[in-house]
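> fold the following.
(3 chains)
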Amino acid sequence: MRTIKFTFIILMISLLAGCNIFVQQPVVNNALQNQPIKIGLLAPMTGDAAEYGVNVEKATRIAVDEINEKGGINNSKIEIILEDGKCNPKDSATAASKLVNVDKVKVILGGICSGETLAAAPITEAAKVILLSPSATSPDITNAGDYVFRTIPSDANAGRISAQTAIKNGLKKAAVLSENTDYAQGLRRVFKQSFSDQNGTIAEDQTYNPEETEFRTQILKIKNANPDVIYLDPQTQQKGQLILKQLKEAGVTSKLYVNEVLLGRELLAKSPADFEGIIGVEPKFDDKAGKAKQLFDKYREQYKAEPAFPYYMAANYDNVYLIADAVSKYGLDTDKIRDYLYALKDYDGAVGKLTIDENGDAIVGYSIKQIINGSLTEIGTAS
Amino acid sequence: MALEYFFTIGIVLCANIILAIGFNIAAGYTGMLNLGQVALFGVGAYTTAILATNSVNPVIGAIVGVATAALAGLLLSLPTARLKQDYFAIATLAFVILMLSLARNWTGLTRGVFGIPKVPPLMSGLLETFLLGTVLVVITFLLAWRLVSSKTGKVFEAIRDDEIAAQSLGYDTFKYKMMVMGISGAIAGVAGVYYVHFLRFVDPSFFALPEVIFAVAILIIGGLGSLLGSVLGASVVVIAYETIKYLPLPLEVLGAFRIILFGLIVLLVLLLRPKGIAGRIDL
Amino acid sequence: MSIFLQLLVNGLIASSLYALLAGGFSLIHSVTKTLHFAHGAVFTSAAYATFLLTDKFGLNFFLAIIFALIFSTFLGLIIDKLVYQPFRNRKASLATLLIVSLVLLTILNAVFLAIFGSSAKILSISSGQSAFDIFARITATQIAAIITSLVLIIGLFIILKRTKIGKALRATADNPSAAQIVGISPNVTFSIAFLIGSFLASVAGILAGTELNIYPEMGSTFVVKAFTASVIGGIGSVPGAVLGALFLGTAENFGIWFLPSGFKDTIAFGLLFFFLLARPQGIFGVKDGA
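Just a heads-up that it's a prediction; the model follows:
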């Protein structure tokens, strides 16, 4: 009985402590100048996908600092409220709820993962809060909501372009090896569909679960089918590197087409020999020029590390600027911000020219790259 | 008002309390450490999500979801009920992993890793959903209370304490064990259905191992063999889980720290105070 | 025919890791009756320790292995003394010990996550291997893994069958009270079981680290497979666990030749479920069990 009373007391105290946090939030009043403008950031800071969140958050800070140094938005500084979505729908929902209902943000940058974004969407839609993701690629996001946007294209495009490129290069028989995650499965579906539509044959279609670490038998099946080309579709670059090694060990000689994950710069720099010869498709995005170069130079200087996911980071950097621009013109009126985003055409961002379509998806050009002598060389473009 | 945030947490809390009550009836009262409880939650969630996104009336979908979860519990009990306590736990854990595999791979039914988005809500607002949750909690609690106070409930506890003695008294313990699994499956189904219509999204992560550990933590901290324990245990764990986020630790470490902290608390409770907050028996 | 051989070899490579892990797990289980799932964390710790020593401290690979082995073997012993023993002193039930072990595994995985982060790590020795064609394609590291596993398993059997320590272990496994009466201290035999078992797990961890990606939860997947192997071979039998590992590795690889490869895990857990429920004495029919 004592313990029960004790528990009640602890519960009451923690509830009161919780309330205290709310009391500390200033009442948001847009009309007042010099009140900070709060923007939410929903990203996985812990758990399996933490590396994405951590990197994107750093790029976001760079953008915010730049804007604030120039005086902020109409003399109000931007304040980022960061919540950990953990790339998990349940946690993302409570995080989004806090951002929307406690912090009262009108714009949330994020989620980074598709599951995160899809779980947050019903909450942001109900409150007419803008949800702007730089990296969620699930096809379901196209229809997730009127106020849901993304500055990365749906999976659909990269898969299609990879298939087209393969066919164009005379590769008629393909095998697919994909990881069982929403990102990779989206690409797999589109690649297969597109490849068959252009009269190619899919000789083998193998998937593996994220926890698996050896793929010898899947590779054996693929090798046995003797495909002209293998489409490699892992979730992480380390997994991709492992697969490439095991492919080499098995003596597989087919051409290797990969998703953008395998074009990550950091691992490429560390062990270029493992990645030699692979051809990949990624959004056309020159990280060595313009705003992107400035961003990454600053990043390297500030954090003494290579930017691990340049596209997502550049996209979120752009997203901060887009929101800042919209807010400076229309204040925190989310209907107007929404219209602004739908109307976006050929915006000159760190990711290149950015256009948003009628579903809130991004339209970007693509770059086809190959690793030649250890360096990433563009061999073509597409859209 | 920040009230909506409270309602969100409240909704999560209601779902966990209901789940915990179901878990306790099996584990605390009957001695069946059914680690598959979260899988039954997931079965309820997926069933109603699949139906509701295929133009079935959500209320009907909800009822079918609960029934399916109950059936799954029953079916799970058939081969496992005669196993010794720790092997029973392992077998039910294997069931969770099997369900995870199914959710991921049976893409025709579950859409695999994409999950099922746009599940229609049961209630139209956060306040209404929260109130529904409270009503469900009260109903579940009262029904569970009646069950464990009844003669059947006493048989459950007899099975836990000494199954052979119960058998020698003429009770078909296997049938009772099946009943328990069906009931706690139904309760898990209620929690799952309620939760998924709030989240409006379901994916295979519902069957992941951390969910099992979370449910076990609630069971142990709350205490076995006590419905009040389930309520208090769920409250403590859910609220602590949320408020620990506000600790001034660097975020990269915070997530791991949260797990480590909860794990240590569970171990300490098991070691030093195995009855938890309000439990009547030790594990 | 060559495909059949390649599948066999693939199965052998997987089995050699499972066998080391399953042998240790089964030894610990039969002697101490503990379902030591935290065994997976010992496995992971060896891989990470090797990574830390070679990558961050630039130590020579073989020197790093020695330190990692020592560290992880003793980690296993510490887990027993610091975590399980207090519960045993309180006469905790086997179900409690199981929960303790699962929670401990979760905690340790989180520790690895906190220290090393979630992105997978690779041991630098694993790059640039070329494969040989001996019956089937296999690399030098994989041959080394199979040979190491074989040697250690044989060593384990020799210890169990022909040494006094082995006799003491088997006696405690068979009948702890009788063993105690003839002067075999349970504490000592428990420690020995944990030391041997953890050593085998550490070797497996290092071998896994050379072949595969190192990530925080890798121990969980492997230890469940190790447990499955013990169940297939018959709970309570160490040779059974090893044979079960062979069976599991082969079944997985042959299985996904015929089934869609996403079902690899399903094969393992399906087997676990089946054997736990339908034939708990395993293929080889040993005592104990459900």
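> burial count for residue 187?
Since you didn't name a chain, this refers to chain A. Look at residue A:187: counted by other C-beta atoms under 10 Å in any protein chain shown, it has 26 neighbours. Every C-beta, even on glycine, is put in place using the N, C-alpha and C of the backbone.
> that's the other chain; I wanted chain C
11.
> check residue A:150 too.
Neighbours of residue A:150 using other C-beta under 10 Å come to 27.
> let's see the pLDDT reported for residue 22.
Went with chain A since none was named. Looking at residue A:22, its pLDDT is 52.
> if you could check chain C rather than the one you did, that'd help
96.
> which helix or which strand is home to it?
Using DSSP states H and E, residue C:22 sits within helix C:2-32.
> now residue B:73
Using DSSP H and E, residue B:73 falls in helix B:58-80.
> the helix or strand following that helix near chain C at all?
Using DSSP H and E, the helix or strand that follows helix B:58-80 in sequence is helix B:85-105. Yes: residues of helix B:85-105 are located near chain C by C-beta under 8 Å from any C-beta of the partner chain, namely B:85-87, B:89-91, B:94-95, B:97-98, B:101-102, B:104-105.
> is it possible to get JSON lines of these that adds distance to residue A:186?
Output for the residues of helix B:85-105 next to chain C, formatted as JSON lines (distance: C-beta to C-beta, whole Å):
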{"residue": "B:85", "distance to residue A:186": "44"}
{"residue": "B:86", "distance to residue A:186": "41"}
{"residue": "B:87", "distance to residue A:186": "40"}
{"residue": "B:89", "distance to residue A:186": "37"}
{"residue": "B:90", "distance to residue A:186": "35"}
{"residue": "B:91", "distance to residue A:186": "35"}
{"residue": "B:94", "distance to residue A:186": "30"}
{"residue": "B:95", "distance to residue A:186": "29"}
{"residue": "B:97", "distance to residue A:186": "25"}
{"residue": "B:98", "distance to residue A:186": "26"}
{"residue": "B:101", "distance to residue A:186": "20"}
{"residue": "B:102", "distance to residue A:186": "21"}
{"residue": "B:104", "distance to residue A:186": "15"}
{"residue": "B:105", "distance to residue A:186": "16"}
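> sorry, back to before: quick one: average pLDDT of the helix holding residue B:73?
95.
> check which residues of it are buried.
B:58, B:61-62, B:64-66, B:68-74, B:76-77, B:80 (16 or more other C-beta atoms under 10 Å in any protein chain shown).
> what's it packed up against?
helix B:37-52, helix B:85-105, helix B:173-199, helix C:264-278 (3 or more C-beta pairs under 8 Å, 6 or more residues apart in numbering or on different chains; DSSP states H and E).
> okay, those in CSV with mean pLDDT next?
Formatted as CSV, those follow (pLDDT from 0 to 100):
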stretch, mean pLDDT
helix B:37-52, 96
helix B:85-105, 91
helix B:173-199, 96
helix C:264-278, 84
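> any chance of those in CSV, plus distance to residue A:203?
Listed next are the helices and strands packed on helix B:58-80 as CSV, based on distance: least, C-beta to C-beta, whole Å:
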stretch, distance to residue A:203
helix B:37-52, 32
helix B:85-105, 21
helix B:173-199, 39
helix C:264-278, 20
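> tell me which of the ones you listed sits most buried.
Stretch with highest mean neighbour count among the helices and strands packed on helix B:58-80: helix B:37-52 (a mean of 29; mean count of other C-beta atoms under 10 Å in any protein chain shown).
> is chain C within reach of that helix?
No: Helix B:37-52 stays clear of chain C (C-beta under 8 Å from any C-beta), getting no nearer than 12.0 Å.
> same check on stretch B:152-166?
No: under the criterion of C-beta under 8 Å from any C-beta, stretch B:152-166 makes no contact with chain C; the nearest approach is 11.3 Å.
> pLDDT on that stretch, on average?
Mean pLDDT, stretch B:152-166: 93.
> what does that stretch contact?
B:25, B:29-31, B:147-148, B:169, B:171, B:173, B:176-177, B:179-180, B:225, B:281 (C-beta atoms under 8 Å, 6 or more residues apart in numbering or on different chains).
> out of the residues you listed, which comes closest to residue C:206?
For the contacts of stretch B:152-166, the residue nearest residue C:206 by C-beta to C-beta is residue B:31; the value is 40.9 Å.
> shouldn't residue A:206 be in contact with residue A:180?
No: with contact defined as C-beta atoms under 8 Å, residue A:206 does not reach residue A:180; the gap is 10.6 Å.
> out of these two, which sits in the busier spot?
For residue A:206 versus residue A:180, neighbours defined as other C-beta under 10 Å are more numerous around residue A:180 (24 against 21).
> wait, the more buried one touches residue A:210, no?
Yes: Residue A:180 is within contact range of residue A:210, at 6.6 Å (criterion: C-beta under 8 Å).
> now the helix holding residue C:22, how far from the centre of its chain.
9 Å (C-alpha atoms, centre = their mean, to the nearest Å).
> so, low pLDDT: which residues of the stretch 101-250 of chain C?
C:125-130, C:134-135 (pLDDT under 70).
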